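Engineer: need the 3D shape of this:
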Amino acid sequence: MAPPHPRRPIAKDKFAVLFPTLKAQSYHDPASRGPGSHTIKTIAWNPTGHLIATGSADRTLRIWNPEKPQVKNSTELRGHTGQIERVAFNPTKEAELASVSSDGTCKFWDVRSKTCAATVQLGGEGLTIAWAADGSVVMAGTKADTLIPITTTPTPTAGSSHQQSLQTNQVTFNHTTPPTHLLLTRGDGSISILSYPSMQPLHSLHAHTSSCVSLSLSPSARYLAIGGTDALISLYDTMDWVCKRTLTSLVGTVKSVSFSFDGSFVVGGSDEGSALEVAHVESGDCVGKVETGGGAGVVAWHPGRYWLAWAGEGGGLKILGAAGGQM
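Structural biologist: Residues are numbered from 1 along each chain as shown. Okay, the predicted model is just below:
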């Protein structure tokens, strides 16, 4: 499937006018394995934006067509025996998905054939995962703060593990091909930048006064957004690694952060509060608000348009824009 033509970026003032016209679509999964068990812990768009994956506490891993919300049009991928902690699509292949689970595995899926193409043992409960921009490697992390690089060709193969001395919550590669740096959120409120593939420390940012939980590198790689347990999002300019502004509108731990496809807007997700606030990156101003009716711990912008997906405690997946609007 050819990637969609990206929408033209919209200026801040116009965005603020048009964003409220977007309508949300709900996606209900009847596969819940017990009351309250179907909490979605992770979501991810594929590179074309034609599919979105959800992973849940009850082991349900599902691929949705955002334009067809009925569960009959979705695909359930079965194989994990523990809760799904994180999912991520290969940035270069629209139908290849990786997932990590508390069952101690990283699985690679062919979404088209609905099959697990490979399983890699992590040696501990999986927590986080990130693809390199060229799809050549996946970095998986465990709850015991061990990082495992997995080369993806010709078949997924785990390399030597790297034990971290600090709590490591989330990882992401820089956008170069091949990747040259790995960025990590730390439990002491810092961000570590490692050289890749040597995994040698290069730089540390003391970003927050409490644990750094989530991070996202903007599409242009100009800004790094960091979410913490202090309910703050800090925006760092990667040219000089100086914090340009801090977003303070969230309530509770910022469990996820996401940039819009053009890098102009950023949003954070938390299990607390009852709304999502979209901030303009260059000014820090709030330019849009989405009433969620409860916590929305995981958020993700569409890769080519101003659609915003989120999920929270027992609320299922919702996508703002999928039901219509003027953007």
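Engineer: so who does Ala323 touch?
Structural biologist: With contact taken as C-beta atoms under 8 Å, 6 or more residues apart in numbering, Ala323 is in contact with Lys23, Ala24, Gln25. Any C-beta I mention is one placed from the backbone N, CA and C, and that applies to glycine too.
Engineer: hang on, I meant His203
Structural biologist: Ser192, Ile193, Trp241 are the contacts of His203 under C-beta under 8 Å, 6+ apart.
Engineer: report the lowest-confidence entry in those residues.
Structural biologist: Lowest pLDDT among the contacts of His203: Trp241, with 95.
Engineer: please enumerate the strands of the stretch 201-327 of the chain.
Structural biologist: With DSSP state E, counting those that start in this stretch, the ranges of strands along the stretch 201-327 of the chain come out as 201-206, 212-217, 223-228, 233-237, 242-247, 256-259, 265-269, 275-280, 286-291, 298-301, 308-312, 316-320.
Engineer: tell me which of those sits nearest to Phe15.
Structural biologist: With distances scored as C-beta to C-beta, the stretch of the strands of the stretch 201-327 of the chain nearest to Phe15 is strand 286-291 (5.4 Å).
Engineer: low-scoring stretches of the stretch 201-327 of the chain, by residue?
Structural biologist: For the stretch 201-327 of the chain, the stretches flagged by pLDDT under 70 are 314.
Engineer: okay, and which of the contacts of His203 map to helices?
Structural biologist: With helices defined by DSSP state H, no entry of the contacts of His203 lies inside them.
Engineer: so which of those is the closest to Pro201?
Structural biologist: Using C-beta to C-beta, Ser192 is the member of these that lies nearest Pro201, at 6.2 Å.
Engineer: what about the closest residue to that closest one other than its chain neighbours, neighbour count?
Structural biologist: In this structure, Ser192 finds its nearest non-sequential neighbour in Leu184, 4.6 Å apart by C-beta to C-beta, 6 or more residues apart in numbering. Counted by other C-beta atoms under 10 Å, the residues lying close to Leu184 total 27.
Engineer: does Leu184 lie in a helix or a strand, and which?
Structural biologist: In this structure, Leu184 sits in strand 181-186 according to DSSP states H and E.
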